[in-house]
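**Student:** predicted structure and sequence below. I'll ask about it afterward.
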Amino acid sequence: MGSGDNDVLSVTRREAKSGRVSYSNPVVLHDTSKRRVTLVPFYIRRSSGTELAVKLITHRKVPSPPTWILMEEKSLSLDEQASRALLKGLKQHLAVAESGDDGSYILIRVSEGTAQIGKHDPKAVAGALAKVLSRRDIMEHIGETELSEELIKAFRGAIHLKEMRSAVSQLRQYLESGEDDEQMYLRWCEHHTWAFGNAYVMRDEVRNISPTDQLDILLPTVISRYRDIIELKRPSMKVLIYDDAHRNYYFSADVSRAIGQCHRYLDVLHEVASQGLRDHPQVVAYHPRATIVIGRSEGWEDSQLRALHGLNRRLAGIAVMTYDQMLAQGERLLEFLSSKPETEASDEYEAIADDEIPF
């Protein structure tokens, strides 16, 4: 709300006679001696929740001594999508109107709307600015201007750390909320491959390595550019089972199936891509490795962590890790980079030794 608005407003929602919708008091948008324009909010119940719709009504004022009466002239109904588009358009163009001059503008979105930078919290503005500067074409232009190398490094380092902090926080929220959608975690990993360690660069778009084999993620290593595999399963799947008779842990059926699946992928990938994948000769996989992300390890005892470590050491070319370990790995990498000056963060990311990564 602007400075002229009340800090506290009362809104009453009533059920309409039909019983299918509710409505609130009309909001007067325009009022003259001849006409009045009002906005009436409607709340429509759906199985997925409540939608907001609005109706814009124009009234003509007719004299009826000793007062006036309102006669409806015409109206326009907007569903929720149209109402949100109207709100967004008004916010955007009000920001331009406040500048007072003609020209071209870049609107920086801050939280729910757009407005002049000076009216917002500096931290929020800095975050919005970082999003703009994270665009490759803008950073390339900055690189061509007469800015110091230190400033350019500061931009890149700050942007990269901000993206990493946001990503780690998002992954933590997924896990804490009990999210179990494998595709959601796949999208997260596709955008944040650094969570698997600094040995990897950006993922390949290629996923089909044969007519019947589609990988989750194919990652090229930094040094050799040979490809490795990431296979994701659901966080709800069990990882280890304890054998009371022999007093040891062993992999669950879900993990065993994933290992068998990866063995096939590794064989096929090595066979078809050792000299470069057909139609994608740049994709080379020579004795690839696979990482399986499955289940949770939050609250595990030391004996369980030790068992997983031991079982991994005895696997050839395949490693099993939990989603909590992937989160911890991302947090460890972020902690390492955050301890460096932001001007060094971008360069340091490429220079971290493999043994700095905890898993």
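**Tutor:** Cool, the structure landed.
**Student:** can you give me the helices for the protein?
**Tutor:** Taking DSSP state H as the test, the helices found in the chain are 80-97, 122-133, 136-144, 149-176, 182-191, 253-273, 302-313, 323-338, 342-351.
**Student:** for the stretch 51-200 of the chain, give me the ranges with low pLDDT.
**Tutor:** Applying pLDDT under 70 to the stretch 51-200 of the chain picks out residues 64-70, 99-100, 103-159, 198-200.
**Student:** do the stretch 251-359 of the chain as well
**Tutor:** In the predicted model of the stretch 251-359 of the chain, residues 340-359 satisfy pLDDT under 70.
**Student:** CA atoms of stretch 82-101 as PDB?
**Tutor:** The C-alpha atoms that make up stretch 82-101 are tabulated as PDB, following Å, rounded to 0.1, in the frame of the first residue of the first chain:
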ATOM      1  CA  ALA A  82      -7.300 -11.600 -16.500                       C
ATOM      2  CA  SER A  83      -7.500  -9.900 -13.100                       C
ATOM      3  CA  ARG A  84      -3.900 -10.800 -12.300                       C
ATOM      4  CA  ALA A  85      -2.800  -9.600 -15.800                       C
ATOM      5  CA  LEU A  86      -4.600  -6.300 -15.200                       C
ATOM      6  CA  LEU A  87      -2.900  -5.900 -11.800                       C
ATOM      7  CA  LYS A  88       0.500  -6.700 -13.300                       C
ATOM      8  CA  GLY A  89       0.000  -4.300 -16.200                       C
ATOM      9  CA  LEU A  90      -1.000  -1.500 -13.900                       C
ATOM     10  CA  LYS A  91       2.000  -2.000 -11.600                       C
ATOM     11  CA  GLN A  92       4.400  -2.000 -14.500                       C
ATOM     12  CA  HIS A  93       3.000   1.100 -16.200                       C
ATOM     13  CA  LEU A  94       2.600   3.000 -13.000                       C
ATOM     14  CA  ALA A  95       6.300   2.600 -12.400                       C
ATOM     15  CA  VAL A  96       7.000   4.100 -15.900                       C
ATOM     16  CA  ALA A  97       4.500   6.900 -15.300                       C
ATOM     17  CA  GLU A  98       6.200   7.900 -12.100                       C
ATOM     18  CA  SER A  99       9.400   8.600 -14.000                       C
ATOM     19  CA  GLY A 100       7.800  11.400 -15.900                       C
ATOM     20  CA  ASP A 101       9.900  11.100 -19.100                       C
END
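**Student:** residue 227 reaches residue 287, doesn't it?
**Tutor:** No - with contact taken as C-beta atoms under 8 Å, residue 227 and residue 287 are classed as non-touching, separated by 10.6 Å. The way it works is simple: take the backbone N, C-alpha and C, and place the C-beta from them, glycine included.
**Student:** more crowded one of the two?
**Tutor:** Neighbours were tallied for residue 227 and for residue 287 using other C-beta atoms under 10 Å; the higher tally belongs to residue 227 (27 against 11).
**Student:** now that one. Nearest residue, chain neighbours left out?
**Tutor:** Nearest in space to residue 227, with sequence neighbours left out and distances taken as C-beta to C-beta, 6 or more residues apart in numbering, is residue 285 at 4.2 Å.
**Student:** residue 23 now?
**Tutor:** residue 42 (5.1 Å).
**Student:** same check, this time on residue 295
**Tutor:** Setting aside the residues directly before and after it, residue 295 is nearest to residue 239 in space (C-beta to C-beta, 6+ apart), at 3.8 Å.
**Student:** what about the one you found, how many neighbours?
**Tutor:** As a burial measure, the neighbour count of residue 239 was computed by other C-beta under 10 Å and equals 23.
**Student:** show me what contacts it?
**Tutor:** When the contact criterion is C-beta atoms under 8 Å, 6 or more residues apart in numbering, the partners of residue 239 are 251-252, 254-255, 294-297, 308, 320, 322.
**Student:** kindly report the same for residue 218.
**Tutor:** Taking C-beta under 8 Å, 6+ apart as the definition of contact, the neighbours of residue 218 are 203-204, 206-207, 209, 227-230, 283.
**Student:** who wins on neighbours among the residues you listed?
**Tutor:** Note: the member of the contacts of residue 218 with the most neighbours is residue 227, at 27 neighbours, neighbours being other C-beta under 10 Å.
**Student:** what's across from that residue in the sheet?
**Tutor:** On the basis of DSSP bridges, residue 227 takes part in beta bridges with residue 220.
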